[in-house]
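Asks: Whatever this is, show me its structure:
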Amino acid sequence: MKPLQTYLRQFLEHLEIEKNRSPKTIQNYDFYLRRLLGWLPKKSTPTSITAEAVRKYRLWLNRLVDVHGDPLKKNTQNYHLIALRSFLKYLAKRDVQTLAPEKIELMHMPDREVTFLEHADVSRLLEAPLQVKTSGSNDTNPLIRHRDKAILELLFCSGMRVSEIVSLKKESINLTKDEFSVQGKGGKRRVIFLSDQAKHWIKTYLTLRKDMNPYLFVPHDKRQGSQKQVKVTKGGVEDDDKPITPRSVQRLVKFYAKAAGITKPVTPHTLRHSYATDLLQNGADIRSVQSMLGHTSITTTQIYTHLTDKGLRAVHKKFHGKITKKAKPRKKKKRKKD
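Replies: Residues are numbered from 1 along each chain as shown. A predicted model of the protein is given here:
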């Protein structure tokens, strides 16, 4: 029987070619499974993956600590198990003798906590790029303000993931229409609808730009009036045709949230949660929201439903606990004696 290392390489190729998984997903699976292979004895084969071996591996993961002495989060441990289960399914379909994938049970997780912004907070956040300084100088490049404003408007009006935002190219969006398509997780395409505000600020930002970079959102020099792009280097090679990075988008969202006086942690995904919550609170059905978010399973979308039950609260208040008061019995009048 071939060693596990050989099957792992074939599995990763399978994810790339047959499953059309993103490079990031393949990279994560490679990392999680190589951690398993590093834990198993050298020259292990698929038959080395037994129920007892998995039990000991899970115990090892649960006790593993990082450089700061912190243990692996429970959901991170589950990611390792999900990768292992997918690997075992791949082996089973090829009649390779190993542990049955259904033997892998994920760790029970508490309900996922969803953070979203109220309408007042959203309004203050969206206005922040035009009202605050983005650096210690008054001479902040207006390109940055307009870019950041366009990004925030697009995040809230579309519910797009930050990875989808930074991958957009100028040719991807037709500003004469209110919609365009985007490729999300797993290569799935979905329709994105633009608000009038988002269209206006994207158009304004693109009008100010003079560069030839094909990406919709790009890094800029902070100096006022500068059209020069920040050089993004990879392996020491300078490249002007790079998009703004996901980390930069995360930083700008955090910066403007703080500037707007929002005390809770805010990330690009917070705006995605706010988008979904806003749709449901205003009467959208959950299947439509699932489609607009690009969720494969309705279960993922259902995490928002407990946040949108204001209508149920009103029903509860109106109808619950209304005990009908029984009519008091009439007192019999005493008959006067003659």
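Asks: Helix, strand, or coil at residue 44?
Replies: Put simply, residue 44 is coil when judged by DSSP: H, G, I helix; E, B strand; the rest coil.
Asks: ok, for it, nearest residue in space, not its chain neighbours?
Replies: Closest residue in space to residue 44, ignoring its immediate chain neighbours: residue 4 at 5.1 Å, by CB to CB, 6 or more residues apart in numbering. For glycine as for every other residue, the C-beta is placed from the backbone atoms N, C-alpha and C.
Asks: Tally up the residues packed near the one you found, please.
Replies: Number of residues near residue 4 (other CB atoms under 10 Å) recorded here: 23.
Asks: cool, and residue 91?
Replies: Neighbourhood size, residue 91 [other CB under 10 Å]: 20.
Asks: Which residues are in contact with the nearest residue to residue 287 once chain neighbours are set aside?
Replies: Leaving out its chain neighbours, the residue that sits closest to residue 287 by CB to CB, 6+ apart is residue 298, at 7.1 Å. Residues counted as contacts of residue 298 (CB atoms under 8 Å, 6 or more residues apart in numbering) are 286-287, 290.
Asks: Now for residue 262, how many residues are close by?
Replies: Neighbour count of residue 262, defined by other CB under 10 Å: 20.
Asks: and it, which of the three is it?
Replies: Residue 262 is classified as coil under three-state DSSP.
Asks: Residue 115 versus the closest residue to it other than its chain neighbours, what's the distance?
Replies: The shortest distance from residue 262 to any non-neighbouring residue, by CB to CB, 6+ apart, is to residue 121 (5.2 Å). From residue 121 across to residue 115, the span is 11 Å (CB to CB, to the nearest Å).
Asks: Those two: which is more packed in?
Replies: Taking other CB under 10 Å, residue 121 and residue 115 do not tie; residue 121 has more neighbours (19 against 13).
Asks: just to revisit the earlier point, by contact count, what packs against whichever strand or helix holds the residue nearest to residue 262?
Replies: Taking DSSP states H and E as the definition, residue 121 sits inside helix 119-131. The contact analysis (3 or more CB pairs under 8 Å, 6 or more residues apart in numbering; DSSP states H and E) places helix 119-131 against helix 142-158, helix 246-259, helix 268-281.
Asks: List the buried residues in the second one.
Replies: This means helix 246-259. If you call a residue buried by 16 or more other CB atoms under 10 Å, then helix 246-259 has these buried ones: 248-249, 252-257, 259.
Asks: Dump those residues into JSON lines; add pLDDT and distance to residue 279 as well.
Replies: Shown next, in JSON lines, are those (pLDDT from 0 to 100; distance: CB to CB, whole Å):
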{"residue": "248", "pLDDT": "95", "distance to residue 279": "27"}
{"residue": "249", "pLDDT": "96", "distance to residue 279": "22"}
{"residue": "252", "pLDDT": "96", "distance to residue 279": "24"}
{"residue": "253", "pLDDT": "96", "distance to residue 279": "20"}
{"residue": "254", "pLDDT": "96", "distance to residue 279": "24"}
{"residue": "255", "pLDDT": "95", "distance to residue 279": "27"}
{"residue": "256", "pLDDT": "95", "distance to residue 279": "23"}
{"residue": "257", "pLDDT": "96", "distance to residue 279": "21"}
{"residue": "259", "pLDDT": "94", "distance to residue 279": "27"}
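Asks: nearest to residue 22, of the residues you listed?
Replies: residue 249 (17.8 Å; CB to CB).
Asks: Quick check: the closest one touching residue 162?
Replies: Yes: under the criterion of CB atoms under 8 Å, residue 249 makes contact with residue 162 at 5.1 Å.
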